[in-house]
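Undergrad: just a sequence and a predicted model for now, questions to come.
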Amino acid sequence: MKGKRYLSTEAPPIPLPSCTQEACACVYVHFDDRRATQRRDVYLHGAYEQGERKQERRAQNGRRQSDRLLFGAGH
């Protein structure tokens with residue numbers, strides 16, 4: 001078991017049934033995250049910034065009949 005990582009809900013109870021030690025000294029060590037590296041792609045960061053600079057192209061009013069009544073669109 002030494003060096004093996006488990007999710008807290010999947011870790012086996014200690015002492016293990018097969019343990020041969022008279023007094024078990026095993027302990028669990030908590031790790032903050034199992035990911036070895038950052039998963040966010042640094043190259044995508046520019047795409048997020050670019051989206052913030054572009055003008056909003058979506059229509060302000062909805063296309064539903066109820067939206068037209070609320071906003072007074074003459075469609």
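TA: Sure, I can see it. Numbers count the residues shown, from 1 in each chain.
Undergrad: quick check: end-to-end length of stretch 3-14?
TA: 15 Å (Cα to Cα, to the nearest Å).
Undergrad: what is the rounded mean pLDDT of that stretch?
TA: Stretch 3-14 shows an average pLDDT of 85 in the prediction.
Undergrad: got it, and stretch 29-36?
TA: Averaging pLDDT along stretch 29-36 yields 73.
Undergrad: over to stretch 66-75?
TA: On average, stretch 66-75 scores 61.
Undergrad: which residues touch stretch 10-20?
TA: 1, 6, 21, 24, 26-28 (Cβ atoms under 8 Å, 6 or more residues apart in numbering). Yep, even glycine has a C-beta here, placed from its N, CA and C like the rest.
Undergrad: show me the two of those residues that sit farthest apart.
TA: 6 and 21 (19.9 Å; Cβ to Cβ).
Undergrad: these two: which has the busier surroundings?
TA: More crowded of residue 6 and residue 21, by other Cβ atoms under 10 Å: residue 6, with 12 against 9.
Undergrad: ok, the more buried one - contacts?
TA: By Cβ under 8 Å, 6+ apart, residue 6 lies in contact with residue 12.
Undergrad: now it: how far from residue 67?
TA: Relative to residue 67, residue 6 is positioned 52 Å away (Cβ to Cβ, to the nearest Å).
Undergrad: neighbours of residue 15, just the number please.
TA: Residues lying near residue 15 (other Cβ under 10 Å) number 13.
Undergrad: I am finished for the moment; much appreciated.
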